[in-house]
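K.L.:
sequence and predicted structure, then a few things I'm wondering about:
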Amino acid sequence: MARLLCPSIYSVDFNHLQQSIQALDAADSDIFHVDIMDGHFVQNMALSPQDLRVVRGNTKKRVDVHLMIENPGRYIDLFVECGADILYVHPESEVHIARTLDNIRAHGKQAGIAINPGTSVASIQELLPLVDYIMIMGVNPGFGGQKFLDYIVPKIDQLAALRERYGFQTLVDGGINFDSLDRLSQLDVDGFVVGHDLLHQQPVGSYGEILNQVRRITG
């Protein structure tokens, strides 16, 4: 089965945002990935609900939001209204994260958790019945262009062993480039976030070929 390819909007040419989205749509992207950063949960600040609206207005594909923010439960209604189909939250981002996951599903949307490099599988196992997706961070979140952390691989294997039991899908985000994909494509994951290393500073017209190269590697 083909891997899910999820281009990161944070990494595209914002001088030509609409054309970037349309080019990635035409290249058969599976899910558009929108990073939201608040400058508190992570040091960086990036993207906004308005950016999400622009993405939603230019594709019929699924759109996810990766909420790298404190207390994401306060903003679920907003991001649903802006067009998110999948909402990822970090288990460390608020006290009652299970309630937020329940709320996402109560809106008829799919819930996901993002697992930082320092977050163990054991610490989130009670949340697994509440999620549709798990996004495994291959880097510490907040900045693009970081090198994939090899010590994440055993965590990917652990989650693969639990995936059928709980019915979630797994994606890897961070440090994804042609070198790391050679290794990661051998692992039991459902897809990859295609971000900084592959899309940043690349011309919009090259996006289709970049995704095709990723498909040839990942199968």
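P.N.:
On my side now, so go ahead. Numbers count the residues shown, from 1 in each chain.
K.L.:
going by C-alpha atoms from here, please, whenever you check contacts or count neighbours.
P.N.:
Noted.
K.L.:
my read is that residue 88 contacts residue 69, right?
P.N.:
No: using Cα atoms under 8 Å as the test, residue 88 is too far from residue 69 to be in contact (10.5 Å).
K.L.:
more neighbours, the two?
P.N.:
Counting neighbours by other Cα atoms under 10 Å for residue 88 and for residue 69 shows that residue 88 has the greater number, 25 against 21.
K.L.:
distance of the more buried one relative to residue 181?
P.N.:
Separation of residue 88 from residue 181 (Cα to Cα, to the nearest Å): 23 Å.
K.L.:
can you check residue 39 too?
P.N.:
In terms of Cα to Cα, residue 39 sits 29 Å off from residue 181.
K.L.:
residue contacts, residue 216?
P.N.:
With contact set as Cα atoms under 8 Å, 6 or more residues apart in numbering, residue 216 has no partners.
K.L.:
could you measure from it over to residue 182?
P.N.:
10 Å.
K.L.:
do the same with residue 60
P.N.:
Taking Cα to Cα, one finds residue 60 at 30 Å from residue 182.
K.L.:
comparing the two, which shows the higher neighbour count?
P.N.:
Comparing residue 60 with residue 182 by neighbour count (other Cα under 10 Å), the higher total belongs to residue 182, at 14 against 11.
K.L.:
contact partners for the more buried one?
P.N.:
217-218.
K.L.:
sticking with it, tell me its helix or strand.
P.N.:
Assessed by DSSP states H and E, residue 182 sits inside helix 178-184.
K.L.:
quick check: next helix or strand after that helix?
P.N.:
strand 191-194.
K.L.:
sheet partners, orientation included, of that following strand?
P.N.:
Partners of strand 191-194 in the sheet, by DSSP bridges, are strand 4-7 (parallel), strand 169-173 (parallel).
K.L.:
now do the following helix or strand past that strand, average pLDDT.
P.N.:
The helix or strand immediately downstream of strand 191-194 is helix 196-199, counting by DSSP H and E. For helix 196-199, mean pLDDT is 96.
K.L.:
show me what counts as buried in stretch 127-138.
P.N.:
Buried residues in stretch 127-138, defined by neighbour count with 16 or more other Cα atoms under 10 Å: 128, 130-138.
K.L.:
list the buried ones in the helix holding residue 182?
P.N.:
Neighbour-count burial for helix 178-184, counted by 16+ other Cα under 10 Å, picks out 178, 181, 184.
K.L.:
now, which of those residues sits nearest residue 121?
P.N.:
Nearest to residue 121, judged by Cα to Cα, of these is residue 184 at 18.6 Å.
K.L.:
what are the boundaries of the helices in this structure?
P.N.:
Under the criterion DSSP state H, the chain contains helices at 17-26, 49-57, 76-81, 97-106, 153-166, 178-184, 196-199, 207-218.
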